[in-house]
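Q: Sequence and predicted structure are below.
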Amino acid sequence: QVQLVESGGGLVQPGGSLRLTCAASGTFFSVDAMGWYRQAPGKQRELVATITSGGMTNYAHSVKGRFTISRDNAKNTVYLQMNSLKPEDTAVYYCEQSVRLNKWSRTTDYWGQGTQVTVSS
């Protein structure tokens with residue numbers, strides 16, 4: 001079974017920074033795309049950023065220039081560096097990894113448990 005474990009959330013003042021980490025563990029062949037999503041109270045889950053296995057990135061317009069997604073393929077880990085945080089960034093952040101269980105299988109999406117990010121003075 002594949003498990004994603006997130007860390008790095010917390011309370012930060014506006015303008016501050018946080019770094020989220022999501023590590024995959026278990027038995028699998030490889031990981032394709034990885035991403036971060038967030039869900040604020042009363043709102044739908046939305047995409048924050050994604051990164052392909054080759055390192056191509058995509059960002060939501062609202063975080064472009066402030067957030068940076070990166071990955072360490074050797075550790076099956078994805079990171080989200082969040083700078084210049086705003087109160088509207090407050091949400092539960094979820095990581096997602098598209099895992100290939102064996103060489104011939106299609107990818108399966110796995111999700112982290114979520115980590116709370118609160119931006120407030």
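A: Yep, it's here. Residues are numbered from 1 along each chain as shown.
Q: for the residue nearest the centre of the chain, helix, strand, or coil?
A: With distances taken as Cα atoms, centre = their mean, Trp36 lies nearest the centre of the chain, 2.8 Å away. Per DSSP: H, G, I helix; E, B strand; the rest coil, the secondary structure class of Trp36 is strand.
Q: if I look at it, how far off is Phe29?
A: In this structure, Trp36 and Phe29 are separated by 23 Å, where distance is defined by Cβ to Cβ, to the nearest Å. In this view, the C-beta of every residue, glycine as well, is placed from N, C-alpha and C.
Q: And Thr50, by the same measure?
A: Computed with Cβ to Cβ, the distance linking Thr50 and Phe29 is 20 Å.
Q: higher neighbour count, those two?
A: In this comparison of Thr50 against Phe29, neighbours counted by other Cβ atoms under 10 Å, the higher total goes to Thr50 at 19 against 12.
Q: Quick check: pLDDT value at the closest residue to Ser17 other than its chain neighbours.
A: Beyond its immediate neighbours in the sequence, the residue positioned closest to Ser17 (Cβ to Cβ, 6 or more residues apart in numbering) is Asn83, lying 4.8 Å away. Asn83 is assigned a predicted lDDT (pLDDT) of 98.
Q: and Asn83, how many neighbours?
A: For Asn83, which is what you asked about, the neighbour count (other Cβ under 10 Å) is 14.
Q: hang on, the earlier thing: before we move on, what's the pLDDT of the residue nearest to the centre of the chain?
A: In the prediction, the pLDDT value recorded for Trp36 is 98.
Q: Now for it: which residues touch it?
A: When contacts are counted by Cβ atoms under 8 Å, 6 or more residues apart in numbering, Trp36 touches 20, 22, 47-50, 69, 78, 80, 93-96.
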